[in-house]
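> Here's a sequence, model it:
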Amino acid sequence: MTTELVPDPADDASGEAPPPAVKVPAPAAHRPHRPAGPPGISEQGFKTLYSRFQRFARFRGMNEPDARDLAQTGCVAVWQKSGLTEEEALRYGLRVVRNHIVNHYRARKREITVAELPAHSELLFAEDTELKAVTTAEARSAVEILRSVLGPREFDVFVLREVWLLPHAEIAVALGISVSNARGTFSNARAKVERHRADGAFG
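Purely as a prediction, here's the structure:
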């Protein structure tokens, strides 16, 4: 019986060069995998959240390195909490940062003193607020006057509402109070400020 020999491709007399090698992509399971962020939050959204968390921590008396760490903690918490919108992420992250700050001060058994705040007061008047034209000296003076006019809780609520422009719901989350409490406290604080403004306390 005769066996036909199949010519080897290398013996092809056509003279054409063999096709170039084609790289086969690695299986998907072997590729580096980066988990997707929560739906509705862009990269810029996370940068904004980080900035808000950092400024909130500084506002509550934390130093710069600790504020950065807390901002990162807040962003990681948001990242791990899937399905949040940017508005929900802000509220959730502020609550996480606030809880860490509360634990920090409980551990140290100390309170934020009045003297600490003016040194950081320019942070309350950041460029993304309506008070961006206020100078640092004027900002510190305004904060000191507000401190003398308002109680600690009234001051916190007033600044978060008037300077940061946060809604009452976010203020409530940030300070651990009810929405009605935040709304009532702001109303009382604003009335006090208006009375002192009428008396010329703010120049």
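
> Let me see the confidence value for V76.
On the pLDDT scale, V76 is placed at 90.

> Just the element for it, please.
Under the criterion of DSSP states H and E, V76 resides in helix 64-80.

> so after that helix, what's the next helix or strand?
helix 86-108.

> So what touches that next one?
38, 40-41, 45, 48-49, 52-53, 56-57, 60-62, 66, 70-71, 73-75, 77-78, 81, 84, 111-112, 169-170, 173-176 (CB atoms under 8 Å, 6 or more residues apart in numbering). Heads up, the C-betas are built off the backbone N, CA and C, glycines and all.

> Can you show me the strands along this protein?
Assigned strands in the chain: none (criterion: DSSP state E).

> so where's it shaky on pLDDT?
Applying pLDDT under 70 to the chain flags residues 1-40, 105-141, 200-203.

> and the helix holding V76, what other elements does it pack with?
Helices and strands touching helix 64-80, by 3 or more CB pairs under 8 Å, 6 or more residues apart in numbering; DSSP states H and E, are helix 43-59, helix 86-108.

> Could you export that helix as PDB, CA atoms only?
Presented in PDB, the C-alpha positions along helix 64-80 are these (Å, rounded to 0.1, in the frame of the first residue of the first chain):
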ATOM      1  CA  GLU A  64      -2.800  68.100  58.600                       C
ATOM      2  CA  PRO A  65      -1.300  64.600  58.600                       C
ATOM      3  CA  ASP A  66      -4.100  63.200  60.600                       C
ATOM      4  CA  ALA A  67      -6.700  65.000  58.500                       C
ATOM      5  CA  ARG A  68      -5.200  63.400  55.300                       C
ATOM      6  CA  ASP A  69      -5.300  60.000  56.900                       C
ATOM      7  CA  LEU A  70      -8.900  60.500  57.900                       C
ATOM      8  CA  ALA A  71      -9.800  61.700  54.400                       C
ATOM      9  CA  GLN A  72      -8.300  58.600  53.000                       C
ATOM     10  CA  THR A  73     -10.200  56.500  55.500                       C
ATOM     11  CA  GLY A  74     -13.400  58.100  54.500                       C
ATOM     12  CA  CYS A  75     -12.700  57.500  50.800                       C
ATOM     13  CA  VAL A  76     -11.900  53.900  51.400                       C
ATOM     14  CA  ALA A  77     -15.100  53.400  53.300                       C
ATOM     15  CA  VAL A  78     -17.100  55.000  50.500                       C
ATOM     16  CA  TRP A  79     -15.200  52.800  48.000                       C
ATOM     17  CA  GLN A  80     -16.200  49.700  49.900                       C
END
